[in-house]
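Q: Requesting a structural model of the entry that follows:
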Amino acid sequence: MIMLPLFISGAEIAFIIFILVMVFGADKIPEIAKGLGKGMRTIKDATNDIKSEITNSAEKHLDDSGGKNIQKEIEEVKDDIENITGSIKRKL
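A: Numbers count the residues shown, from 1 in each chain. Take a look at the predicted model:
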């Protein structure tokens, strides 16, 4: 069973498939589905490539000396926040 995130019943899905067969013909539907699948795969691969590039770039910058300074600044901000929230917690 095909699970769609839309509110479409089985009868509506059957009607859509019927219309597709009438418009494109039974022999063209597998070609269309194959093309859509390839397109979706290309988009997914490109998204994964972008994510990995961003991750690699961020790790590279954190490994540099500038990254150590950023990490030190982050730790100082965390400590400041902990000091502020600690005094608030004690007052409550």
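Q: Which single helix of this protein contains the most residues?
A: The single longest helix within the chain, with elements called by DSSP state H, is helix 29-63.
Q: What helices and strands are in contact with that helix?
A: Packing partners of helix 29-63 (3 or more CB pairs under 8 Å, 6 or more residues apart in numbering; DSSP states H and E): helix 10-24, helix 65-91. Where C-beta positions appear, they are placed from N, C-alpha and C, glycine not excepted.
Q: any idea of the angle it forms with helix 10-24?
A: 110 degrees (axes from the mean of the first three to the mean of the last three CA atoms, to 10 degrees).
Q: What residues of helix 29-63 count as buried?
A: Residues of helix 29-63 classed as buried: none (neighbour count, 16 or more other CB atoms under 10 Å).
Q: what distance separates it from the centre of its chain?
A: Relative to its parent chain, helix 29-63 has a centroid offset of 10 Å by CA atoms, centre = their mean, to the nearest Å.
Q: hmm, back to that, format the helices and strands packed on helix 29-63 as CSV; extra columns: distance to D49, mean pLDDT and mean neighbour count.
A: Converted to CSV, the helices and strands packed on helix 29-63 look like this (distance: least, CB to CB, whole Å; pLDDT from 0 to 100; neighbours: other CB atoms under 10 Å):
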stretch, distance to D49, mean pLDDT, mean neighbour count
helix 10-24, 32, 88, 11
helix 65-91, 23, 72, 10
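Q: Now render these as TSV, adding distance to I50.
A: Compiled in TSV, the helices and strands packed on helix 29-63 are given as follows (distance: least, CB to CB, whole Å):
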stretch	distance to I50
helix 10-24	33
helix 65-91	21
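Q: Which among these is found nearest to E31?
A: Of all the helices and strands packed on helix 29-63, it is helix 10-24 that lies closest to E31, at 8.8 Å by CB to CB.
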